[in-house]
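Chemist: What shape does this take:
(4 chains)
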There are 2 protein chains.
Amino acid sequence: MKRKITLKQIAKELDVSVSTVSKALSGSKEISEDTTQKVKAFAKLYNYRPNNIAISLKNRKTKTIGIIIPEIVHHFFSTVIRGIERVANRRGYNVIVGLSNESFTKEVINMELLANGSIDGFVLSISKETLLKQDYHHFNATIDQGIPVVMFDRVVAEVDCDKVIVDDHKGAVKAVSMLIDKDCKNIALITTMDYVSVGRLRTQGYLEALSNHGIEANPNMILKIDDSLDVENHLEILENEIETFFRMNKVIDGVFAVNELYAITAMKVARKLGYSIPEDMQVIGFTDGVLSKHATPGLTTVSQHGQKIGEQSANLLIDRLEAEDMEEDSYIVNTDRKKDFIKMVIETEIIERESTK
Amino acid sequence: MKRKITLKQIAKELDVSVSTVSKALSGSKEISEDTTQKVKAFAKLYNYRPNNIAISLKNRKTKTIGIIIPEIVHHFFSTVIRGIERVANRRGYNVIVGLSNESFTKEVINMELLANGSIDGFVLSISKETLLKQDYHHFNATIDQGIPVVMFDRVVAEVDCDKVIVDDHKGAVKAVSMLIDKDCKNIALITTMDYVSVGRLRTQGYLEALSNHGIEANPNMILKIDDSLDVENHLEILENEIETFFRMNKVIDGVFAVNELYAITAMKVARKLGYSIPEDMQVIGFTDGVLSKHATPGLTTVSQHGQKIGEQSANLLIDRLEAEDMEEDSYIVNTDRKKDFIKMVIETEIIERESTK
DNA sequence: TGTTAACACGAAAACGTTTTCGTTACGAAT
DNA sequence: ATTCGTAACGAAAACGTTTTCGTGTTAACA
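Modeler: As a prediction, this is how the structure comes out:
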């Protein structure tokens, strides 16, 4: 077992100073051609690599970005991570992930842990519990400490930072409009509780699309699912709720669901009740994941382009980090600006499959 | 914007030395009650938190573990990550993830990057390309450097380290035996190319189950999919291959597929060809993901317990890391042992759903 | 009164780098 | 012969900690 070699060891072996070794390896012309060659050869032989931690300490930056998400076993979030990792990697950064598990406390703890020098900036999506409590002090605190934050998808106006979102509202409008165009007369909505911002926005989109077409919204046609407690038999409860919902509203011939799971489950229940899809009932979901693609019939969905969201988020963050670097070099202290945060909107796209005519 | 406060700053403000502050905060009884209180109060007021990087450098350990996986948008892998993150978090570690994207080069680069001080150990699953090239020098090199490695799922005998695997062989035997018990007379296998070890093992299990029941394997009933190039229209190709396969073997009344996607697709194609499931054809897949659970009919699968795999891997790694700590303290240099690596086998479990009778 | 022990604290090294600022030596210029 | 410039290198500080080893002060004891 040969431990990693350090500058100091090289210096001792070659009987020069640490500074000389460091300079030689970085190709400084302060050092003679001769010693430079010697040092480089020796370093190569022993496979010298600078210690990241030492460099991080010296430079006071880690070249890693922290990701905080509510859940990782989730197609959308893992897609976003993939996007983040991709550009991070390309631009010389690592990613370190923390899972909040939809819990406020875990979110806070995770952020505090990483904020103490482990990362240069955050890309995150807010946990449900945090949204419910509306307590955003930890975000503002880290921003206050000079650590940039980029929020995606589940964002909130109370925090001043760059944001990358999907146009949930418009996406919903498009979806519902499509159902109307395809001759649905009684379109139901299956959504979440209002405190989840994306659920709320998609609900608003549903309402707007109806009103755009002169259709009056019927509160009975809206089913709000409370998934705050993620219990074991969540799926069963979901199915039952949808079933009673469908039984009480026999006229439904179109469904817009704010996520994939609700849409798939709606299709399953509908089939069980004797509807055939898309003939008797058309369904559109939100989020284009594996379920939509591989369901039978394939589910028409509003795609969020998770990877793009991740890529944009990472770019935004790294841009800001490197802008900071520049500022330090120039002596112009930029006190006024700083507030021009970007809100980037990723366009949704409807992917038509077999669940619509 | 108030930057993070350091020991030195506290020391200056309170007009004591850095050492005093450090000791006071750690509750050393070397420091008087009086100053301890003063320091602690000040630290609390300014929300002092020690800098992780500095501590890492000092202790020569980072308390973070590196995860290298081929793909993150994948139910099994993200489940494993969740497991790793869970125990890592509980035991005071962070996780930093690198994606190999099934590429040998990215795997190597990612590992080298992290091995230079960023992490204390690795949990990883080998990329397909690496398996194909059979070049494992980077694993052995990092182990040689004294960095512990735990491999899961896609493991390889050429590398000496702890391993956590699923009993692929036995799982396959169980699945195929179940099909036989349920009166399938002509059981097909849909699998991957042999260089993917899990595919190979599951194939062997299939063959063994048949032979156990005195059934002769028919090569025509085995379909090997080449998914080495993950092209855009992969899905279409897959469907076509399965369709011709089914058309050429009309007697098939049972299918064992080595992953979820193949199983789901098989069901889809079968239905298209007029089979009804499970009456005319029963199907069992491997890996219990979202697809299996939400497909209609629900897919009977061999569950791998990804989260458990992740948890065990992390525990194994951290155990070894902390054992090293102990060794450093005791003066007994343990030169002989070191070789007792653990191979942990996670039992599979068949989850019955509607795709079998 | 002189010795000792406990107490409270500070100086400095160490982790592995990078970088600034000397310092030495030597050849060239005055 | 003195000054100057430059090439080639080393010392030391710095990043933020922790920890070992002093050191000075005071109180207790003989």
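Chemist: next structured bit after the helix or strand hosting residue A:255?
Modeler: Element membership for residue A:255, per DSSP states H and E: strand A:254-257. Downstream of strand A:254-257, the next assigned helix or strand under DSSP H and E is helix A:260-272.
Chemist: What are the boundaries of the helices in chain A?
Modeler: Taking DSSP state H to define them, one finds helices in chain A at A:7-14, A:18-25, A:33-45, A:52-59, A:75-90, A:104-115, A:128-133, A:137-144, A:168-181, A:197-212, A:234-248, A:260-272, A:290-294, A:306-329.
Chemist: residues making contact with the shortest one?
Modeler: For helix A:290-294, the surrounding residues in contact (Cβ atoms under 8 Å, 6 or more residues apart in numbering or on different chains) are A:75, A:260-261, A:263-264, A:285, A:298-301, A:351, A:353, B:75, B:235, B:261, B:264-265, B:268, B:289-291, B:294-295. Every C-beta, even on glycine, is put in place using the N, C-alpha and C of the backbone.
Chemist: which residues sit in contact with residue A:121?
Modeler: A:65, A:66, A:147, A:148, A:149, A:150, A:317, A:318, A:320, A:321.
Chemist: and the gap between the residue nearest to it when sequence neighbours are not counted and residue A:20?
Modeler: Leaving aside its sequence neighbours, residue A:121 sits nearest to residue A:148 (Cβ to Cβ, 6 or more residues apart in numbering or on different chains; 4.2 Å). According to Cβ to Cβ, to the nearest Å, residue A:148 stands 37 Å off from residue A:20.
Chemist: Would you mind listing where the stretch 251-357 of chain A has pLDDT under the threshold?
Modeler: For the stretch 251-357 of chain A, the stretches with pLDDT under 70 are A:328-339.
Chemist: oh sorry, the question was meant for the stretch 101-250 of chain A
Modeler: The stretch 101-250 of chain A contains residues with pLDDT under 70 at A:228-232.
Chemist: How about it: which residue is closest to DNA strand C?
Modeler: Per Cβ to the nearest atom of the strand, residue A:117 is where the stretch 101-250 of chain A lies closest to DNA strand C, at 12.9 Å.
Chemist: Give me the neighbour count for that residue.
Modeler: 20 (other Cβ atoms under 10 Å in any protein chain shown).
Chemist: Can you pull the phi/psi pair for it?
Modeler: For residue A:117, the backbone dihedrals (degrees, to the nearest 10) come out as phi 100, psi -10.
Chemist: sorry, back to before: from residue B:107, how far out is the residue nearest to residue A:121?
Modeler: Distance from residue A:148 to residue B:107, counting by Cβ to Cβ: 30 Å.
Chemist: who's more crowded, those two?
Modeler: Using other Cβ under 10 Å, the more surrounded residue of residue A:148 and residue B:107 is residue B:107, with 25 against 22.
Chemist: residue contacts, the nearest residue to the more buried one once chain neighbours are set aside?
Modeler: Nearest residue to residue B:107 in three dimensions, chain neighbours excluded: residue B:100, at 3.8 Å (Cβ to Cβ, 6+ apart). By Cβ under 8 Å, 6+ apart, residue B:100 lies in contact with B:68, B:69, B:70, B:106, B:107, B:110, B:127, B:130.
Chemist: For the third one, the count of nearby residues, please.
Modeler: Read that as residue B:70. Residue B:70 has 23 neighbouring residues, counting by other Cβ under 10 Å.
Chemist: And it, how close does it get to residue B:272?
Modeler: Between residue B:70 and residue B:272 the computed distance is 31 Å (Cβ to Cβ).
Chemist: partners of the strand holding residue A:255, with directions?
Modeler: When pairs are called by DSSP bridges, strand A:254-257 turns out to pair with strand A:187-192 (parallel), strand A:282-286 (parallel).
Chemist: List the residues that contact residue A:283.
Modeler: Applying Cβ under 8 Å, 6+ apart to residue A:283 gives the contacts A:254-257, A:263, A:266-267, A:270, A:277, A:299-300, A:355-356.
Chemist: Okay, domains of chain A per the record?
Modeler: Taking automatic domain parsing as the reference, chain A has its domains at A:7-50, A:58-165+A:306-345, A:168-305.
Chemist: Figure out which of these is closest to residue B:42.
Modeler: The stretch from the domains of chain A with the least distance to residue B:42 (Cβ to Cβ) is domain A:58-165+A:306-345; that distance is 17.7 Å.
Chemist: Next one: residue A:147 from residue A:66, what distance?
Modeler: 9 Å.
Chemist: Overlap in contacts, the two.
Modeler: Each of A:115, A:119, A:121, A:122 lies in contact with both residue A:147 and residue A:66 under the rule Cβ under 8 Å, 6+ apart.
Chemist: Narrow those residues to just the buried residues.
Modeler: Listed as buried from the shared contacts of residue A:147 and residue A:66 are A:115, A:119, A:121, A:122; burial here means 16 or more other Cβ atoms under 10 Å in any protein chain shown.
Chemist: and which of these is nearest to chain B?
Modeler: The closest of these to chain B turns out to be residue A:115 (Cβ to the nearest Cβ; 7.9 Å).
Chemist: Grab the CA positions of stretch A:101-111 and hand them over as CSV.
Modeler: The C-alpha atoms that make up stretch A:101-111 are tabulated as CSV, following Å, rounded to 0.1, in the frame of the first residue of the first chain:
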residue,chain,number,x,y,z
ASN,A,101,-36.7,13.5,2.2
GLU,A,102,-39.3,16.2,2.1
SER,A,103,-38.4,17.1,5.6
PHE,A,104,-37.7,20.7,6.7
THR,A,105,-35.3,19.7,9.4
LYS,A,106,-33.2,17.4,7.2
GLU,A,107,-33.1,20.2,4.6
VAL,A,108,-31.8,22.7,7.1
ILE,A,109,-29.3,20.3,8.6
ASN,A,110,-28.0,19.2,5.3
MET,A,111,-27.5,22.7,4.1
